[in-house]
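K.L.:
Provided below for reference: sequence and predicted model.
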Amino acid sequence: MSPIVKLNKVSKSFGSLNVLQGVSFDVAQGSVVAIIGRSGSGKSTALRCMNGLEKINGGEITVCNHHLHQNVTKAQLRALHLDVGIVFQSYNLFPHLTVGQNIMLAPKWVRKQSKAEAKDLAAEVLGKVGLAEKFDAYPEQLSGGQQQRVAIARSLAMQPKLMLFDEVTSALDPELTGEVLKVMENLAKDGMTMVLVTHEMAFAKGVGDKVIFMHQGKVWEEGDGEILSAPQTPELRQFVGNGL
Amino acid sequence: MTYTFDFSFLAEYWPELLSGLMQTAQLSILSIIFGFLLGTVLAVGRTADSKAVRRICAIYVEAIRNTPLLVQMFMIYFGLASIGFKLSAEFCAVLAIVINVSSYTCEIMRAGIESIKKGQLEASDCLAMSWWQRLFLIVLPPATERVYPALVSQFILIMLATSLVSQISAEELTSTAVRIDSMTFRSFEIYTVIAVIYIALAFVFRIGFWALSQLVFPRLRRLGTPL
Ligand SMILES: Nc1ncnc2c1ncn2[C@@H]1O[C@H](COP(=O)(O)OP(=O)(O)OP(=O)(O)O)[C@@H](O)[C@H]1O
Ligand SMILES: [Mg+2]
């Protein structure tokens, strides 16, 4: 089966700073890919490029049959966003809406679902992240871990074919990190295709079908979780040595 | 100094004062509604992607904010009349105040719009929302809620500024007072009465705006905290 995501020699620069320098990798349908690497190595940028949040300067990206290139249009991006969900480190819940409204918003307005349909769906995805009872709470009334799980539920409600996660546990203390990782692990078990940038090495190794180590804007090393136990490059060896 | 206060004219003139009050309230409410709408459109323009749109809105706002309301009113009423557009004083009054208040509302709403974090916009884009959906569902509601107290202060100022329209002989509270004064020569008493009425009206407006906030900002109603 052809990969659901394909990056081919992707380059991206901010001004004179070349953040991605020919990044290529594939994501197979139903797999979990973990991107690791030092701060500033371009992990978030790579993820954001996959979702069109950053326009690439060279190469090409194919995501769920959508092609991203330098001149991608707004309409093409919207079509892409119907298939790809993303969860951010800072949750980005809408503060003026309740948990339920946050989740129902896009199904109602974008997918044009009826209020009843959207409500059922919201209840279902909230149940999946273990927060069914928080339907009427406002985001600020929740802990960070709960907010992040709501953000995941909001993304799930759009029934994406691919989910992107950018360091979704970095702002959380260890206890709350655990509950969010548990939700992600369950998603992986359900067969969701996921690409995640993470600093949780144990999670990358345990849940990731593929681990990508980025360094200086390049894919430095790539393989299954075992590359973390037996790094081939001095850079990964040093990174793992510091990280564990 | 021997001056005896005499408020007895009120017995005869209170119906006129009442109708002046109603006209002031009506003028204010119309100006506030349309001024808010136009000001919000301008604020969206001032934060638009297009540099040309931002420029045009900025020039409009700066031009209006740096000229006196009275001069704007004269331009519209006497100015337009002198080049052949004869419009009613009441219409010109509302038009002038709307134009004036829109420029101030624009700056307040702009601050609200700019307070919306980039992450909010990215989140809505990534949920495949259109530009319009993003604006009306994600940007404007919290933006308005955040600057609501500043908007209310501005709207009260505008209600008080409607007194200026007496200068183009539009009917409202102050022009009614001027007329009663010219008939009774009880200047001190009549303007004291008028001042008290303005205070009462401002109070009623504040209560009205508070009630409106409870209606349109459900989060505020539930939690009572600023956003
Ligand atoms: N919008 C931007 N404008 C300018 N420079 C940027 C921008 N976004 C990222 N960068 C720069 O690009 C480089 C890579 O950033 P990126 O966020 O992709 O790193 P990262 O691997 O995700 O790091 P971290 O682990 O700290 O999140 C950094 O040097 C960063 O300063
Ligand atoms: Mg990052």
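P.N.:
That came in fine, so what should we check first? Numbering: from 1, shown residues only, chains lettered A, B, ... in the order given. Ligands and ions are numbered 1, 2, ... in the order given.

K.L.:
contacts, neighbours, all on C-alpha from now
P.N.:
Fine.

K.L.:
which element is residue 62 on?
P.N.:
By default, I'm working from chain A. For residue A:62, the element it lies in under DSSP states H and E is strand A:58-63.

K.L.:
hmm, no, I was thinking of chain B.
P.N.:
Element membership for residue B:62 (DSSP H and E) is helix B:51-65.

K.L.:
quick one: list the elements packing against that helix.
P.N.:
Contact here means 3 or more C-alpha pairs under 8 Å, 6 or more residues apart in numbering or on different chains; DSSP states H and E; on that basis helix B:51-65 packs against helix B:9-46, helix B:89-114.

K.L.:
give the buried residues for it.
P.N.:
Buried residues in helix B:51-65, defined by neighbour count with 16 or more other C-alpha atoms under 10 Å in any protein chain shown: B:54, B:57-58, B:61, B:64-65.

K.L.:
burial count for the closest residue to residue A:9 other than its chain neighbours?
P.N.:
Nearest residue to residue A:9 in three dimensions, chain neighbours excluded: residue A:22, at 3.8 Å (C-alpha to C-alpha, 6 or more residues apart in numbering or on different chains). Counted with other C-alpha atoms under 10 Å in any protein chain shown, the neighbours of residue A:22 add up to 17.

K.L.:
contacting residues for residue A:22?
P.N.:
By C-alpha atoms under 8 Å, 6 or more residues apart in numbering or on different chains, residue A:22 lies in contact with A:8-11, A:59, A:217-218.

K.L.:
switch those over to a markdown table; also include secondary structure, pLDDT and neighbour count.
P.N.:
Shown next, in a markdown table, are these (DSSP: H, G, I helix; E, B strand; the rest coil; pLDDT from 0 to 100; neighbours: other C-alpha atoms under 10 Å in any protein chain shown):
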| residue | secondary structure | pLDDT | neighbour count |
| --- | --- | --- | --- |
| A:8 | strand | 95 | 16 |
| A:9 | strand | 95 | 16 |
| A:10 | strand | 96 | 23 |
| A:11 | strand | 96 | 23 |
| A:59 | strand | 94 | 18 |
| A:217 | coil | 95 | 23 |
| A:218 | strand | 95 | 22 |
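
K.L.:
go through those and name the one nearest ligand 1.
P.N.:
Nearest to ligand 1 out of those is residue A:217 (C-alpha to the nearest ligand atom; 7.6 Å).

K.L.:
so the closest one touches residue A:24, yeah?
P.N.:
No - assessed by C-alpha atoms under 8 Å, residue A:217 is found out of contact with residue A:24, at 10.8 Å.

K.L.:
residue A:6: neighbour count?
P.N.:
21.

K.L.:
I meant residue B:44, not that one.
P.N.:
The burial count for residue B:44: 21, using other C-alpha under 10 Å.

K.L.:
burial count for the closest residue to it other than its chain neighbours?
P.N.:
Counting by C-alpha to C-alpha, 6+ apart, residue B:110 is the residue found nearest to residue B:44 once chain neighbours are left out, at 7.2 Å. Using other C-alpha under 10 Å, residue B:110 has 23 neighbouring residues.

K.L.:
contacting residues around residue B:110?
P.N.:
So residue B:110 contacts B:40, B:43-44, B:46-47 (C-alpha under 8 Å, 6+ apart).

K.L.:
of all those, which comes closest to ligand 1?
P.N.:
Nearest member of the contacts of residue B:110 to ligand 1, counting by C-alpha to the nearest ligand atom, is residue B:47, at 19.0 Å.

K.L.:
got the phi/psi numbers for that closest one?
P.N.:
Backbone torsions for residue B:47, taken as degrees, to the nearest 10, come to phi -110, psi 20.

K.L.:
tell me the pLDDT of it.
P.N.:
Here the pLDDT value assigned to residue B:47 is 96.

K.L.:
what does the one 5 residues further on give?
P.N.:
For residue B:52, the pLDDT comes out at 97.

K.L.:
what's the answer for residue B:79, then?
P.N.:
With respect to pLDDT, residue B:79 scores 92.

K.L.:
measure it to residue A:85 for me?
P.N.:
Noted for residue B:79: a distance of 57 Å to residue A:85, by C-alpha to C-alpha, to the nearest Å.

K.L.:
those two: which has the busier surroundings?
P.N.:
Between residue B:79 and residue A:85, residue A:85 has the larger neighbour count (other C-alpha under 10 Å), namely 26 against 14.

K.L.:
follow-up on the earlier one: show me what the next helix or strand after the helix holding residue B:62 is packed against.
P.N.:
Later in the chain than helix B:51-65, the nearest helix or strand by DSSP H and E is helix B:69-74. Of the remaining helices and strands, those touching helix B:69-74 by 3+ C-alpha pairs under 8 Å, 6+ apart are helix B:89-114.
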